[in-house]
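Trainee: Starting from these lines, generate the structure:
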Amino acid sequence: MASWDLVADLPLRVEVHALEGREQDVSSDFTRKSTTIHLHGAGEEGLGEDVVYEASDHEAQQAAGPVLDLAGDWTLSSFSAALAATDLFPTKAPERDVSRRYRRWAFESAALDLALRQAGTGLHEVLGRAPAPVTFVVSLRLGEPPSLDPVTRRLRHYPSLRFKLDPTSSWDEELIAGLVATGAVDSVDFKGMYEGTAVDQPADPVLYRRVVEAFPDAWIEDPKLTEEIDALLRDHRDAITWDAPIHDIADIEALPFPPRMVNLKPSRVGSVKDLLDTYDFCDERGIAMYGGGQFELGVGRGHIQLLASLFHPDTPNDTSPSGFHAADPPPGLPTSPLRPAAAATGFRWAAAS
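Mentor: Okay, here's the model as predicted:
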């Protein structure tokens, strides 16, 4: 049975909803804002997290308050269909179109949580999947000018930590040698598929060659496959993974060659059905998966940790505890692998996220 069919008909009662703002200064040199979605019904509460990146979109939503007409008796499937027909940005258009997917995921994940809690069961029970320990990496940019400090500072408290790093053209041979010496780099994200964002990295053959030669065992995420770079990476295709282009199954099918692994961000997919269908698609075709984070500050981090625990626990999941987002993470955070912590009811990760 398809994974979606196992949850689609869950009854759901929504009476009221509320919004809660959060913010944190994170290691990528910006203040992360998010909005927690609270759905209430039948004496239970479901939670989701809106991870739209632009602060102005959060501010507009929070200022307007809970204006959406969500009350009623639904199934998870009918609620999802109603959300698809609803403008979730009623007071201002989002700064980026992909934000519509992020916000839809916030409400759908809250609805999934509420429906499961009203049914008195957990996601793992309904899907028939046993939670497993979650391997994770910490995703970092190294600043401008780049420095080893963000990595070495974390390794002082957490010597077993593994990293996913964003190479930039300012990385020189000395910096790369220092990173190699740590032995802690699992993935390199070239950000080659982003356009018009603060993290854009142009196709730089010199950078690609330096990094790929320095980290021959690392996963290579989102390279920009110009003719020169494609030739440079031709012998490394089994290590190439994709993130930014992936919103649904069609995007995986449209990749330039069949992938060995993809990064699935639930919020970028947008709906519970599309996410579960994508998991099934990859499982059926032997495509490995890992989870991606969006600097979640609250329950959304637990959501991606739980999904990783159920669908892809052993891959380099970008699902570290949110304490690692801080510029100077405190000691005492959970280390990889995270112990299984699926809550008995709902769509929740019971441990601190």
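Trainee: which residues of the stretch 201-350 of the chain fall in strands?
Mentor: 219-221, 240-242, 261-264, 288-291 (DSSP state E, counting those that start in this stretch).
Trainee: Render the CA-only coordinates of the third one in CSV, please.
Mentor: These are the backbone C-alpha positions of strand 261-264, laid out as CSV (Å, rounded to 0.1, in the frame of the first residue of the first chain):
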residue,chain,number,x,y,z
MET,A,261,21.0,9.9,-3.7
VAL,A,262,18.8,13.0,-3.3
ASN,A,263,18.2,15.6,-0.5
LEU,A,264,14.5,15.7,0.3
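Trainee: What mean pLDDT does that strand get?
Mentor: Taken as a whole, strand 261-264 carries a mean pLDDT of 97.
Trainee: dump the residue contacts of residue 142.
Mentor: Contacts for residue 142 (CB atoms under 8 Å, 6 or more residues apart in numbering) come out as 148, 150-151, 165-166, 168, 171, 175. Placement of C-beta: from N, CA and C, glycine included.
Trainee: Revised request: answer the last question for residue 114.
Mentor: Taking CB under 8 Å, 6+ apart, we find residue 114 in contact with 12, 14, 39-41, 44-46, 346.
Trainee: cutoff 7 Å now
Mentor: Residues near residue 114 by CB atoms under 7 Å, 6 or more residues apart in numbering: 12, 39, 41, 44-46.
Trainee: do the same with residue 173
Mentor: residue 210.
Trainee: tell me how far stretch 84-100 is from the chain's mean position?
Mentor: Averaging C-alpha positions (CA atoms, centre = their mean, to the nearest Å) puts stretch 84-100 20 Å from its chain's average.
Trainee: Contacts for it, please.
Mentor: Against stretch 84-100 from outside (CB under 7 Å, 6+ apart): 52, 54, 56-57, 60, 64, 67-68, 103-104, 107, 268.
Trainee: again with stretch 319-328
Mentor: Contact with stretch 319-328 is made by 24-27, 134, 136-138, 153, 291, 293, 295-297, 301, 304-305, 308, 329-330, 333-334, 352-353, as judged by CB under 7 Å, 6+ apart.
Trainee: So residue 59 lies in a strand, does it not?
Mentor: No. According to DSSP: H, G, I helix; E, B strand; the rest coil, residue 59 belongs to no strand; its state is helix.
Trainee: how far away is it from residue 34?
Mentor: Going from residue 59 to residue 34 by CB to CB, to the nearest Å gives 12 Å.
Trainee: what about these two, which has more around it?
Mentor: Per other CB atoms under 10 Å, whichever of residue 59 and residue 34 has more neighbours is residue 34, with 26 against 14.
Trainee: dump the residue contacts of that one.
Mentor: 22, 49-51, 58, 296-298.
Trainee: rerun that using 6 Å as the cut-off
Mentor: Shown in contact with residue 34 (CB atoms under 6 Å, 6 or more residues apart in numbering): 22, 49, 51, 297.
Trainee: now do residue 124
Mentor: 131, 310, 342.
Trainee: Redo these as CSV? Include distance to residue 221.
Mentor: Output for the contacts of residue 124, formatted as CSV (distance: CB to CB, whole Å):
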residue, distance to residue 221
131, 26
310, 22
342, 27
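Trainee: out of those, which one sits closest to residue 217?
Mentor: Nearest to residue 217 among the contacts of residue 124: residue 310, at 27.0 Å, using CB to CB.
Trainee: pLDDT wise, what is the closest one at?
Mentor: 98.
Trainee: ditto for residue 24
Mentor: We have a pLDDT of 84 for residue 24.
Trainee: coming back round to it: could you tell me which of the contacts of residue 114 count as buried?
Mentor: If you count burial by 16 or more other CB atoms under 10 Å, the buried members of the contacts of residue 114 come out as 12, 39, 41, 44, 46.
Trainee: that older thread, what about the contacts of residue 34, which are in strands?
Mentor: 22, 49 (DSSP state E).
Trainee: quick one: low-confidence ranges for the chain?
Mentor: Across the chain, residues meeting the criterion (pLDDT under 70) sit at 26-29, 196-198, 351-353.
Trainee: rerun that using 50 as the cut-off
Mentor: For the chain, the stretches flagged by pLDDT under 50 are 352-353.
Trainee: the domain parsing of it - what is it?
Mentor: Domains of the chain are assigned by automatic domain parsing as 3-120, 126-325.
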